[in-house]
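*Asks:* Quick one: sequence and predicted model below, then my questions.
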Amino acid sequence: MKDITLVIMAAGLGSRFKGGIKQLAPIGPSGEVIMDYAIYDAVKAGFNKVVFVIRKDIEQAFKEIIGDRIAKQVKVEYVFQDLNDLPEGYTCPAERSKPWGTTQAVLAAKNVVNEPFAIINADDCYGYEAFDKFAKFLSNIGDNDSEPIKMCMAGFILKNTLSENGTVKRGIASVDENNLLTAVNETFGLERKSDGNVHDEKDNIVDENSYVSMNMWGCHPKFMGMLEDKFKEFLEKERTVEGSEALLPLHVDELIKAGKITVEVLESRDKWFGVTHSEDKPGVVAAIRQQCENGVYPMKLWSE
């Protein structure tokens with residue numbers, strides 16, 4: 001199997017890092033955090049490098065909480081998302097106080113990722129199935145693929161990603177007859193109501209078996225260059241717009257429509273875990289413990 005890398009977007013943890021942030025709260029029997037389980041599944045599937053995208057000011061604390069532990073298991077690199085890290089010729093407006101979104105987060109890794117790679121959020125537990133399918137897909141990507149380049153997205157089933165404690169936002173995926181992604185529609189206010197159906201914020205019924213994007217993408221190395229071009233386009237239009245963000249799914253959608261990439265949707269029927277609401281944590285803790293008791297994960301995830 002060729003080298004494949006896992007890029008974890010964790011820079012958003014920075015501003016709340018000292019305050020008992022939900023993504024770094026222990027949920028496993030031996031004090032593991034959500035990221036531990038995603039990395040464990042990825043390494044088991046065949047990923048052999050992890051790139052953490054963080055903020056420079058949390059580097060030491062991040063390493064103490066999870067980074068140093070992971071570095072004993074797999075090659076680790078750190079890159080830093082910074083609002084002033086912009087392509088040549090662009091400067092950050094003086095009034096801007098936060099980084100530029102998930103597209104900039106991924107581009108922070110461009111100098112350390114030269115192989116097929118996957119992108120995930122730091123606060124989601126995706127399950128082994130998706131990582132296994134990604135590893136197989138990414139291992140078969142050609143180094144010199146002509147356009148459109150081949151990519152993939154994990155297609156989770158909507159009903160497996162709901163919270164019992166409130167509404168969630170999900171990207172509802174549309175696919176064609178070849179299971180290629182055609183669009184991702186950001187849908188808000190999703191929850192199961194008393195009639196047994198899943199409704200959105202406008203009270204429309206949404207098919208609970210729809211594919212949804214949980215921001216897990218598998219990428220050809222050439223994607224970095226394409227993404228940088230999209231980031232420059234964004235800066236030309238939005239650089240002075242207060243609070244504007246360059247969002248990865250939006251740019252993926254634009255590249256699909258431009259015929260530069262194809263994105264195969266790889267179905268995962270694993271249950272997604274995440275702490276969307278504070279009330280979700282006990283349920284996640286119980287679910288992880290049950291999986292440990294069922295032998296899906298060991299009680300102590302990493303041996304020293």
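*Replies:* Great, that's in hand.

*Asks:* quick one: buried residues of stretch 66-85?
*Replies:* Within stretch 66-85, the residues scored as buried using 16 or more other CB atoms under 10 Å are 66-67, 69-70, 74, 76-82. Where C-beta positions appear, they are placed from N, C-alpha and C, glycine not excepted.

*Asks:* let me redo that: stretch 170-177
*Replies:* Using 16+ other CB under 10 Å as the test for burial, stretch 170-177 gives 170-173, 175.

*Asks:* mean confidence for it?
*Replies:* The pLDDT scores in stretch 170-177 average 93.

*Asks:* How far off centre is it?
*Replies:* With CA atoms, centre = their mean, to the nearest Å as the basis, stretch 170-177 stands 17 Å off its chain's centre.

*Asks:* What does the residue of the chain most remote from its centre show for phi and psi?
*Replies:* Using CA atoms, centre = their mean, the residue of the chain lying farthest from its centre is residue 195. It sits 31.8 Å away. Torsion angles at residue 195 (phi, psi; degrees, to the nearest 10) stand at phi -80, psi 0.

*Asks:* how near is it to residue 188?
*Replies:* 19 Å (CB to CB, to the nearest Å).

*Asks:* now residue 261
*Replies:* For residue 261, the distance to residue 188 - CB to CB - is 26 Å.

*Asks:* quick check, residue 267 in a strand?
*Replies:* Yes - under DSSP: H, G, I helix; E, B strand; the rest coil, residue 267 falls within a strand.

*Asks:* So in terms of bridging, what pairs with the closest residue to it other than its chain neighbours?
*Replies:* Closest residue in space to residue 267, ignoring its immediate chain neighbours: residue 155 at 5.0 Å, by CB to CB, 6 or more residues apart in numbering. Beta-bridge pairing of residue 155 under DSSP bridges involves residue 213, residue 267.

*Asks:* Now the longest strand seen in the chain: buried residues?
*Replies:* The residue-count maximum for a strand in the chain (DSSP state E) belongs to strand 181-192. Neighbour counts over strand 181-192 (16+ other CB under 10 Å) mark 181, 184, 187, 190 as buried.

*Asks:* would you put the C-alpha positions of that strand in PDB?
*Replies:* Output in PDB follows, covering the C-alpha atoms of strand 181-192 (Å, rounded to 0.1, in the frame of the first residue of the first chain):
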ATOM      1  CA  LEU A 181     -21.300  13.500  -6.200                       C
ATOM      2  CA  THR A 182     -23.300  16.200  -8.000                       C
ATOM      3  CA  ALA A 183     -24.100  18.600  -5.200                       C
ATOM      4  CA  VAL A 184     -24.000  19.100  -1.400                       C
ATOM      5  CA  ASN A 185     -27.000  21.000   0.000                       C
ATOM      6  CA  GLU A 186     -26.300  22.500   3.400                       C
ATOM      7  CA  THR A 187     -29.500  21.700   5.400                       C
ATOM      8  CA  PHE A 188     -30.200  23.200   8.800                       C
ATOM      9  CA  GLY A 189     -32.400  22.300  11.800                       C
ATOM     10  CA  LEU A 190     -32.500  18.500  11.100                       C
ATOM     11  CA  GLU A 191     -34.100  16.400  13.900                       C
ATOM     12  CA  ARG A 192     -36.500  13.500  14.300                       C
END
